[in-house]
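> Just to be clear, the model below is a prediction. Sequence and coordinates:
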Amino acid sequence: MWKRREDETPSRPPVPPAPEPVREPAPAPPARPSEPEIPRGVAAIGKSVKIKGQIFSREDLYLDGEIEGTVEVPENRVTIGPHGRLQASVKAREVVVLGTVNGNVEASEKIDIRKEARLVGDIKTGRIVIEDGAYFKGSIDIVREAPKPQGAQPARTAPPPAQPGAPGPQATSPAPPADPKR
């Protein structure tokens, strides 16, 4: 008795949802195209640092200061930044040059000389990239790794094929001709 029928209920107009405030995206930080970003997990030498001596590292290394001596990173990458000035020999798995290097560079895998870079010295590497505009003076020695042996079996060598007229493995040399004067 007190219940209304569905068709008798007064209809209300739907309430429109409140408009969401317009959010503008936060401005992105200005990019520095001339300065490469230092990747995380890399030891870095800043552009105001000067080092005389030997640097040995077991992690990636970013050098943007002045270095005189030797730099050894045998299992990782060395990056010489755009402000980096090295009077040093460099040995690493991979070397990327953006600045100036005066000295010999040895990389077991790859050397990458970018367009603003300057390298004066001899290079020894497996692969090399020299971008257009880079300055390089010295010699390049491309080294190939020796092929790794497959398995522990010694290599078997087949005997060379017999050539016609050539003595075989059981053939003996003919006796010298007899001297007719005797």
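Okay, I see it.

> so where's the chain uncertain?
Confidence mapping of the chain against pLDDT under 70 gives the ranges 1-40, 146-182.

> can you map out the strands along the protein?
When assigned using DSSP state E, the strands of the chain occupy the ranges 43-45, 50-56, 61-63, 66-80, 85-97, 100-102, 105-113, 118-120, 123-130, 135-137, 140-142.

> If you count neighbours, what's buried in the first one?
Put plainly, it is strand 43-45. For strand 43-45, burial by neighbour count (16 or more other CB atoms under 10 Å) applies to 44, 45. The C-beta positions use only the backbone N, C-alpha and C, and glycine is treated the same way.

> name the helices or strands packed onto it?
If you count contacts as 3 or more CB pairs under 8 Å, 6 or more residues apart in numbering; DSSP states H and E, strand 43-45 packs onto strand 61-63.

> one step back: please identify the deepest-packed of the strands of the chain.
When neighbours are counted by mean count of other CB atoms under 10 Å, the highest per-stretch mean among these falls to strand 61-63, a mean of 24.

> contact partners of it?
The set of residues external to strand 61-63 that reach it, using CB atoms under 8 Å, 6 or more residues apart in numbering, is 38-39, 42-45, 55, 71, 73, 76-81, 84, 86, 92, 99.

> now with 10 Å?
If you take CB atoms under 10 Å, 6 or more residues apart in numbering as the criterion, strand 61-63 is touched by 36, 38-39, 42-47, 49, 51, 55, 71-73, 76-81, 83-86, 88, 90, 92, 96, 98-99, 101.

> Next: stretch 128-138.
Outside stretch 128-138, the residues within contact range by CB under 10 Å, 6+ apart are 95-98, 100-105, 107, 110-123, 140-142.
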